[in-house]
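Visitor: All I have is the shape, not the residue letters:
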């Protein structure tokens with residue numbers, strides 16, 4: 001099936017071949033490690049498709065390029081650490097710019113259009129079938145994360161001006177945060193039960209909410225534990241809050257295919273807005289109720 005194809009186009013096809021065989025190894029390795037039987041079957045199915053496409057291109061080029069070992073190891077580790085859906089979708093996003101390359105190839109290998117369409121449609125359908133528990137509870141994680149960011153950035157901003165003592169601010173914030181995390185977890189449990197969820201599912205929802213809250217609390221309070229100037233600590237806390245919002249929204253935008261910018265700026269504006277208002281409240285309280293710590 002080898003055709004008269006210009007060398008530059010042949011090199012493009014060889015690169016696609018390497019991607020196909022690399023992804024075959026990624027999906028195959030992951031299929032052996034995941035515990036969920038259905039997810040394993042889906043990954044094996046996708047791996048088989050990748051090998052089928054590799055064999056097609058092999059007939060076109062007469063070449064059998066080796067996989068990109070770095071890519072195989074990198075995305076395998078990403079998927080193992082951050083979850084299947086995130087790892088696979090991140091890999092697929094990295095190939096979105098390949099459409100122009102495909103258009104160049106189709107001029108010389110018209111049969112490739114069907115292969116490309118099959119790959120895009122079929123793999124998207126299969127990826128939608130992957131079931132990951134953490135992504136099923138994204139709503140609960142968002143609840144805990146968002147509440148902790150809004151409440152604690154606001155509280156720490158107010159306490160910073162009112163107390164101006166790093167140790168006291170950290171202690172007060174920690175007590176407030178831990179108490180609030182228990183309260184949020186309990187509220188999420190009761191809310192889930194009232195919506196008809198089973199006890200086990202409600203407990204998982206509350207656990208994800210509480211865990212997201214307490215982890216966020218710990219990260220936000222951390223700068224105050226270094227005994228720096230309290231206003232420097234506040235700046236670091238606000239920077240940490242923005243970083244948490246960025247990382248979380250990037251993760252969700254990839255794993256759930258949500259728009260990133262709108263959600264990022266919305267959460268950032270709310271958190272920083274509450275912090276600014278709370279800082280103002282701290283100034284007023286300090287002026288109205290003067291006392292020394």
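Guide: Arrived safely. Computed from a prediction, not measured in an experiment: that's the story for all the values here.
Visitor: When you work out contacts or count neighbours from here on, use the C-alpha atoms and nothing else.
Guide: Will do.
Visitor: So, low pLDDT: which residues of the stretch 151-293 of the chain?
Guide: When residues are selected by pLDDT under 70, those of the stretch 151-293 of the chain lie in 286, 289-293.
Visitor: if I look at residue 51, how far off is residue 64?
Guide: Note on residue 51: its distance to residue 64, by CA to CA, to the nearest Å, is 12 Å.
Visitor: same check, this time on residue 140
Guide: 47 Å.
Visitor: Also residue 272?
Guide: According to CA to CA, residue 272 and residue 64 sit 54 Å apart.
Visitor: just residue 158 next, same as before
Guide: Residue 158 sits 64 Å away from residue 64, taking CA to CA as the criterion.
Visitor: neighbour-wise, which of those two wins?
Guide: residue 158 (27 against 15; other CA atoms under 10 Å).
Visitor: In three-state terms, how would that one be classified?
Guide: helix (DSSP: H, G, I helix; E, B strand; the rest coil).
Visitor: Contacts only, for it.
Guide: Residue 158 sits next to 275, 278-283 when contact means CA atoms under 8 Å, 6 or more residues apart in numbering.
Visitor: again, but for residue 86
Guide: Listed by CA under 8 Å, 6+ apart, the contact set of residue 86 reads 78-79, 251, 254-255.
Visitor: Mind giving me the PyMOL command for buried ones among those residues?
Guide: Per 16 or more other CA atoms under 10 Å, the buried members of those correspond to this PyMOL selection:
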select buried, resi 78+79+251+254+255
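Visitor: Please report the distance of the closest residue to residue 113 other than its chain neighbours from residue 117.
Guide: Among residues not flanking residue 113 along the chain, residue 106 sits closest, at 6.2 Å (CA to CA, 6 or more residues apart in numbering). Applying CA to CA, the value for residue 106 to residue 117 is 12 Å.
Visitor: again, but for residue 166
Guide: Going from residue 166 to residue 117 by CA to CA gives 59 Å.
Visitor: swap in residue 288?
Guide: 68 Å.
Visitor: Got the confidence number for residue 58?
Guide: Each residue has a pLDDT score; the one for residue 58 is 90.
Visitor: tell me the phi and psi of it?
Guide: Backbone dihedrals for residue 58, given as degrees, to the nearest 10, come out at phi -60, psi -40.
Visitor: how would you label the residue nearest to it when sequence neighbours are not counted: helix, strand or coil?
Guide: Leaving aside its sequence neighbours, residue 58 sits nearest to residue 64 (CA to CA, 6+ apart; 6.1 Å). Of the three states, residue 64 takes coil under three-state DSSP.
Visitor: same thing with the one 10 residues further on?
Guide: Here residue 74 is recorded as helix under three-state DSSP.
Visitor: burial measure for it, as a count.
Guide: Neighbours of residue 74 (other CA under 10 Å): 14.
Visitor: which non-adjacent residue is nearest residue 90?
Guide: Closest residue to residue 90 apart from its sequence neighbours, by CA to CA, 6+ apart: residue 254 at 6.2 Å.
Visitor: Residue 80 versus the one you found, what's the distance?
Guide: Distance, residue 254 to residue 80, by CA to CA: 15 Å.
Visitor: List the residues that contact the residue nearest to the spatial centre of the chain.
Guide: The chain has residue 251 as the residue nearest its centroid, 1.5 Å off, counting by CA atoms, centre = their mean. For residue 251, the contact set (CA under 8 Å, 6+ apart) comprises residue 86.
Visitor: Next, it: phi, psi?
Guide: Here is the backbone geometry of residue 251 (degrees, to the nearest 10): phi -60, psi -50.
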